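> whatever this is, show me its structure:
(2 chains)
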Number of protein chains: 2
Amino acid sequence: MELKYHFRDASLAALALTHRSAGKPNNERMEFLGDALLGAIVAEMLYETHPKATEGEMSRLRAQLVNGQALAVMARELELGERLKLGSGELKSGGFRRDSILADAFEALVAAVYLDGGFEACKDTVRTLFADRVAALPRSSKDAKTRLQEWLQAQGLPLPQYELVGTQGEDHARIFDVNCVVAEPFAMTAAGRGSSRRLAEQDAAELVLGRLLDTQDGR
Amino acid sequence: MELKYHFRDASLAALALTHRSAGKPNNERMEFLGDALLGAIVAEMLYETHPKATEGEMSRLRAQLVNGQALAVMARELELGERLKLGSGELKSGGFRRDSILADAFEALVAAVYLDGGFEACKDTVRTLFADRVAALPRSSKDAKTRLQEWLQAQGLPLPQYELVGTQGEDHARIFDVNCVVAEPFAMTAAGRGSSRRLAEQDAAELVLGRLLDTQDGR
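Residues are numbered from 1 along each chain as shown, chains lettered A, B, ... in the order given. Okay, the predicted model is just below:
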């Protein structure tokens, strides 16, 4: 993999690859900016490629792509380790191989592209780097009830129960309230709402699934 | 306060103000994108206005500006509550006054500007909205040792101890390692490094201060 960007100001790229162990200035401030830019650009990629995904699904997909370990892998593909500027202590202890140092340098490099070439250049660069990874993401076209059912079955657990709690509004604009109840060991209830019973059930299933997956991820 | 942006596609603005209680499509997906854009644009503002702030300081300043409560205040200043589209249940229970619903609509509106007018338009809009708040932030030009000392004194606690742990390297490129030790009830030690003893102490003080402030914020 290669960074398809040519810096006008090479000192920005050099700063992005300077770890704090090498003194000041270093890439710590750039890392803060790069992390935020990366979050926004990958968010837009997912917004476009996953038009049916909910906010929670996009958030989980982004966390799969943008985390310390994943960014360290990308930093290695770009061979950033070889170009890092480290203090002598980190150099001796092999800091150029450390995930956190590599991931930070990757984020700082994203900021350097932004500062050097502007948002569109940064977006193009990030999109090129993430294109294959985004394309490889599951494109869940299955509805929430189906995904919840499959997830519970995969854990060997009973199916969820959907209970109609009530309806409100006139006939032409009725609103349905439905609870989705998951048994032990999760023992979870979520309230869904929709303009039909089916949509209210999907809504509740989506909420339960989100919480179950968050629980599983230890979040 | 006013949103200084004129939508070409008014349906994007309308979608940004449609809460999930009103059915689908609604502003949930846009909120995800808007939250990420807001994070990046405010990060850049702080990067520019606080050239001496560390990553941790910028992160804390951003959290002061971009959080549910602060965004709800801004949504009220923009009178978004009056323009929200809510389902009948939320309408009756006063959902247009709820912080979380208002903050979500604010974030979605940021995404709507981006989708309608591109990054520069979105950045201009966000910068205008946040200009006064960013200008009102403390501009800590004090060094880390001074800030740590003041913080400890304000809590009625003893001053930190700085201990030279060792030095390495040749005379012309010597590296100093210093520990900053804070007494009970925090009982914290952080290792700093620098090309002079003073810089190493600043480095260690910065680390300790960051941890103390994080502890205080319950993070």
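
> so who does A:Val66 touch?
A:Val66 makes contact with A:Leu38, A:Gly39, A:Val42 under the criterion CB atoms under 8 Å, 6 or more residues apart in numbering or on different chains. The way it works is simple: take the backbone N, C-alpha and C, and place the C-beta from them, glycine included.

> run a quick neighbour tally on the second one.
When you say that, I think you mean A:Gly39. By other CB atoms under 10 Å in any protein chain shown, 19 other residues sit near A:Gly39.

> please name the nearest non-neighbouring residue to it.
Ranked by CB to CB, 6 or more residues apart in numbering or on different chains and with sequence neighbours excluded, the top spatial neighbour of A:Gly39 is B:Ala36, at 4.7 Å.

> packing partners of the helix ranked longest in chain A?
Using DSSP state H, we find that the single longest helix of chain A is helix A:28-49. Taking 3 or more CB pairs under 8 Å, 6 or more residues apart in numbering or on different chains; DSSP states H and E as contact, the helices and strands that helix A:28-49 lies on are helix A:10-16, helix A:55-65, helix A:99-117, helix A:119-135, helix B:28-49, helix B:55-65.

> make JSON lines out of those and add mean pLDDT and distance to B:Leu80.
Listed next are the helices and strands packed on helix A:28-49 as JSON lines, based on pLDDT from 0 to 100; distance: least, CB to CB, whole Å:
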{"stretch": "helix A:10-16", "mean pLDDT": "97", "distance to B:Leu80": "38"}
{"stretch": "helix A:55-65", "mean pLDDT": "91", "distance to B:Leu80": "18"}
{"stretch": "helix A:99-117", "mean pLDDT": "97", "distance to B:Leu80": "30"}
{"stretch": "helix A:119-135", "mean pLDDT": "96", "distance to B:Leu80": "26"}
{"stretch": "helix B:28-49", "mean pLDDT": "97", "distance to B:Leu80": "13"}
{"stretch": "helix B:55-65", "mean pLDDT": "91", "distance to B:Leu80": "18"}
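
> for those, give me JSON lines that also has distance to A:Glu28.
As requested, these are exported to JSON lines (distance: least, CB to CB, whole Å):
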{"stretch": "helix A:10-16", "distance to A:Glu28": "10"}
{"stretch": "helix A:55-65", "distance to A:Glu28": "22"}
{"stretch": "helix A:99-117", "distance to A:Glu28": "8"}
{"stretch": "helix A:119-135", "distance to A:Glu28": "19"}
{"stretch": "helix B:28-49", "distance to A:Glu28": "11"}
{"stretch": "helix B:55-65", "distance to A:Glu28": "5"}
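
> of all those, which one is nearest A:Cys180?
Put simply, out of the helices and strands packed on helix A:28-49 the one that sits nearest A:Cys180 is helix A:55-65, at 14.7 Å, with distance taken as CB to CB.

> quick one: buried residues of that closest one?
For helix A:55-65, the buried set under the neighbour-count rule, 16 or more other CB atoms under 10 Å in any protein chain shown, comprises A:Glu55, A:Gly56, A:Glu57, A:Met58, A:Ser59, A:Arg60, A:Leu61, A:Arg62, A:Leu65.

> list the contacts for the residue nearest to the spatial centre of chain A?
In chain A, the C-alpha closest to the average C-alpha coordinate belongs to A:Arg62, at a distance of 1.4 Å (CA atoms, centre = their mean). By CB under 8 Å, 6+ apart, A:Arg62 lies in contact with A:Gly39, A:Val42, A:Ala43, A:Leu46.

> if we use 7 Å, what do you get?
By CB atoms under 7 Å, 6 or more residues apart in numbering or on different chains, the contact set of A:Arg62 is A:Val42, A:Ala43, A:Leu46.

> how does chain A divide up, domain by domain?
What the record gives for chain A is the domain set A:10-135, A:144-216, from automatic domain parsing.

> could these go into TSV alongside distance to B:Ala105?
Formatted as TSV, the domains of chain A follow (distance: least, CB to CB, whole Å):
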stretch	distance to B:Ala105
domain A:10-135	13
domain A:144-216	18
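
> most packed of the ones you listed?
Each of the domains of chain A was assessed for mean neighbour count using mean count of other CB atoms under 10 Å in any protein chain shown. The highest is domain A:10-135, with a mean of 19.

> between the two ends of that domain, what distance do you get?
When the termini of domain A:10-135 are compared using CA to CA, to the nearest Å, they are 31 Å apart.

> show me what from chain A comes close to chain B.
Chain A comes close to chain B at residues A:21, A:23, A:28-29, A:31-33, A:36-37, A:39-40, A:43-44, A:47, A:54-55, A:58-59, A:87-88, A:119, A:168-169, A:175, A:193-195, as judged by CB under 7 Å from any CB of the partner chain.

> mind running it again at 6 Å?
A:23, A:28-29, A:32-33, A:36-37, A:39-40, A:43, A:47, A:55, A:58, A:119, A:169, A:195 (CB under 6 Å from any CB of the partner chain).

> closest to B:Pro158 among the residues you listed?
If you rank the residues of chain A next to chain B by distance to B:Pro158 using CB to CB, A:Glu28 comes first, at 29.2 Å.

> would you agree that closest one is in contact with B:Ala53?
No: counting by CB atoms under 6 Å, A:Glu28 stays clear of B:Ala53, with 10.3 Å between them.

> which pLDDT value does the model give A:Gln216?
Taken from the predicted model, the pLDDT recorded for A:Gln216 is 67.

> scratch that, A:Asn179 is what I was asking about
95.

> may I have the phi/psi pair for it?
Dihedral angles phi and psi of A:Asn179 (degrees, to the nearest 10) take the values phi -100, psi 140.

> residues in a beta bridge with it, which ones?
On the basis of DSSP bridges, A:Asn179 is bridged to A:Glu163, A:Ala191.

> show me what contacts it?
For A:Asn179, the contacting residues are A:Glu163, A:Val165, A:Thr189, A:Ala191, by CB atoms under 6 Å, 6 or more residues apart in numbering or on different chains.

> distance of the second one relative to chain B?
The span separating A:Val165 from chain B equals 12 Å under the rule CB to the nearest CB, to the nearest Å.

> re earlier: the residue nearest to A:Gly39 touches A:Ala43, doesn't it?
Yes: taking CB under 6 Å as the definition, B:Ala36 is a contact partner of A:Ala43 at 3.8 Å.

> re the thing from before, how about CSV for the contacts of A:Asn179, with pLDDT added?
Output for these, formatted as CSV (pLDDT from 0 to 100):
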residue, pLDDT
A:Glu163, 95
A:Val165, 93
A:Thr189, 92
A:Ala191, 92
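
> of these, closest to chain B?
The shortest distance between chain B and any of the contacts of A:Asn179, using CB to the nearest CB, involves A:Ala191 and amounts to 10.6 Å.

> let me have the contacts of A:Asn179 in a markdown table, extended by distance to A:Gly210.
Output for the contacts of A:Asn179, formatted as a markdown table (distance: CB to CB, whole Å):
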| residue | distance to A:Gly210 |
| --- | --- |
| A:Glu163 | 19 |
| A:Val165 | 20 |
| A:Thr189 | 14 |
| A:Ala191 | 13 |
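
> all set now, cheers.
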